[in-house]
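1. fold the following, please.
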Amino acid sequence: MATGTLAGVEPAVRPKALFGHPPGLTVLFMTQMWAEFSYFGLQALLVYYMTQHLGFSQAKSSLIYGAYGAAAFFSPFFGGIIADRWLGRTRSVVTGAMLMMCGHFAMAFEPLLFPALALVALGNGLFMPPLAVQVGGLYADDDPRQAQAFSAYYMGINLGGLLAPLVCGTLGELYGWHWGFAAAGVGMFAGLVIYLRFRHLLPADPPSRSQTQASARIALTLKDWGDLRMLVAIIAVVVLFRIGYEQSGNVIALWVEHQTDRSVDLFGQRLEIPATWFQSINPLLIIVLTPFLMRHWSKRAARNGPANLLARMSLGCAIAALSMVVMVVAAALNARTGQPVGVEWVTAYFVLLTVGELLVIPVGLTLVGALSPVQVAAMAMGAWYIAKFLGSLLAGAMGAYWGVIPATSFFGLGALSVLIAAIFLFFLSRSRPIRIG
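-> Got it, this is the predicted structure:
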């Protein structure tokens with residue numbers, strides 16, 4: 001994807017470079033971090049809020065959770081089209097942030113549950129694709145740092161995800177659900193302020209298609225169409241990964257609450273770890289592991305040349321499948337003893353899932369950024385989130401059977417889905433190796 005030009009840089013207010021990358025990546029990192037703080041803050045509370053405060057059944061809560069997650073990641077496809085055709089990237093990001101902020105504050109009022117979730121889902125669609133596209137726009141096409149940029153950017157997503165359960169979850173559980181939702185709204189406001197303050201460090205918006213004479217027809221080359229077909233294939237396979245992965249915030253949250261012994265001894269006192277805190281394990285591991293992986297990949301690329309990114313995604317899916325095998329064993333132990341299992345089982349699950357995720361999601365974002373034709377870049381980035389949309393929808397439907405089928409079978413189906421994704425990605429990597437950086 002061709003790089004944009006930077007407009008009106010003010011040297012006096014340049015944030016520090018992130019891992020040797022352009023200062024604009026720090027701006028996008030911080031903007032996305034606060035946006036994800038708000039999103040994951042709501043997510044950490046949502047199932048507990050519906051089951052404990054609103055009195056919804058587990059099955060109904062699971063379906064609502066899945067439908068909300070699906071809508072939040074189906075809307076980016078249309079949000080990308082709107083950004084490409086009419087709003088432009090900056091106005092789309094700002095509009096989406098404002099909608100999400102209003103949605104989070106509306107969650108403080110019980111009758112506004114569904115309108116609030118709709119506002120967050122719509123805002124997310126306008127916000128995410130144009131913001132992510134600007135990551136690739138910071139680099140020239142031949143810049144080797146481009147391959148690692150989305151891994152650094154992904155850290156921002158997960159730093160927000162780490163803080164959200166600790167802040168919003170704690171406020172919600174200890175002081176009232178509405179305080180937790182309000183904190184999520186404040187986080188989105190902080191992200192919007194950062195984006196507007198340092199907008200001058202980001203690529204200038206290309207002309208929207210409605211502003212160009214070529215708006216009636218997109219001129220794509222044969223190579224462009226081939227790249228788009230490959231992206232569609234990758235997105236379709238990642239849906240299978242998402243079916244298993246999305247249970248981490250749904251059924252796994254319930255497993256932690258009901259089937260995990262969360263008590264610990266501290267200074268002679270028996271304390272219980274809040275269930276929402278376990279949602280911070282995954283983002284914490286991402287923040288810790290990402291710098292090591294980036295350093296390892298850079299050294300490996302210098303020694304052996306660029307890696308086959310599809311093969312890397314296949315390995316990630318295989319490792320993620322192992323995380324669900326761990327839960328199969330934990331469920332079998334729980335069924336045999338009838339007692340909650342130790343925290344080491346769910347911790348091992350999150351460790352393996354996180355390693356797999358780091359080899360799948362940021363690598364997939366890199367491929368979307370590199371293979372997308374500039375004319376439809378935001379739309380293509382929005383299409384990437386279709387995988388999360390379908391995965392969340394199917395995971396929510398699957399979660400409705402939690403308690404109906406044995407837990408061992410439930411986790412086994414998740415492992416099978418992710419393993420099939422690993423196999424398909426392996427064959428894609430053999431048919432067309434894609435090496436970047």
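2. ok, P111 - how many residues close by?
-> 8 (other Cβ atoms under 10 Å). In this view, the C-beta of every residue, glycine as well, is placed from N, C-alpha and C.
3. roughly how far does it sit from L54?
-> Counting by Cβ to Cβ, to the nearest Å, the gap from P111 to L54 is 11 Å.
4. following the least confident helix or strand in the chain by mean pLDDT, which helix or strand shows up next?
-> Of all helical and strand segments in the chain, the minimum by mean pLDDT, DSSP states H and E falls on strand 263-266, at a mean of 76. Next in sequence after strand 263-266, counting helices and strands by DSSP states H and E, comes strand 269-272.
5. show me what that next one is packed against.
-> strand 263-266 (3 or more Cβ pairs under 8 Å, 6 or more residues apart in numbering; DSSP states H and E).
6. the strand it packs on: how far from the chain's middle?
-> 32 Å (Cα atoms, centre = their mean, to the nearest Å).
7. circling back: who are the packing partners of the least confident helix or strand of the chain?
-> Strand 263-266 packs on strand 269-272, going by 3+ Cβ pairs under 8 Å, 6+ apart.
8. related to what we said a few turns ago, partners of the least confident helix or strand of the chain, with directions?
-> strand 269-272 (antiparallel) (DSSP bridges).
9. what mean pLDDT does the partner strand get?
-> Averaging pLDDT along strand 269-272 gives 79.
10. swap in stretch 168-176?
-> Stretch 168-176 comes out at a mean pLDDT of 85.
11. what sits up against it?
-> With contact meaning Cβ atoms under 8 Å, 6 or more residues apart in numbering, stretch 168-176 is reached by 37, 40-42, 44-45, 48-49, 179-181, 183-184, 274, 276-277, 279.
12. buried ones in it?
-> 168-173 (16 or more other Cβ atoms under 10 Å).
13. filter those down to the ones in helices?
-> Counting by DSSP state H, the members of the buried residues of stretch 168-176 that fall within helices are 170-173.
14. just send these back as CSV, with distance to L231 too.
-> Listed next are those as CSV, based on distance: Cβ to Cβ, whole Å:
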residue, distance to L231
T170, 40
L171, 40
G172, 38
E173, 41
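15. still on that earlier bit, any of the contacts of stretch 168-176 buried? List them.
-> The neighbour-count test (16+ other Cβ under 10 Å) marks 37, 40-42, 44-45, 48-49, 180-181, 183-184, 274, 276-277, 279 as buried among those.
16. looking at the residues you listed, spot the one nearest S75.
-> L42 (15.4 Å; Cβ to Cβ).
17. could you measure from the residue of the chain most remote from its centre over to D261?
-> Of all residues in the chain, G268 has its C-alpha farthest from the mean position, at 39.2 Å, by Cα atoms, centre = their mean. In this view, G268 and D261 are 18 Å apart by Cβ to Cβ.
18. also R91?
-> 50 Å.
19. what does L231 give?
-> From L231 to D261 the distance is 44 Å (Cβ to Cβ).
20. these two - which one has more neighbours?
-> For the pair L231 and D261, the greater number of neighbours falls to L231 (20 against 13), based on other Cβ under 10 Å.
21. where does this structure have low pLDDT?
-> 1-19, 141-142, 144, 147, 207-219, 437 (pLDDT under 70).
22. in it, which residue is closest to the centre?
-> I157 (6.8 Å).
23. is it true that it touches Q32?
-> Yes - using Cβ atoms under 8 Å, I157 makes contact with Q32 at a distance of 5.6 Å.
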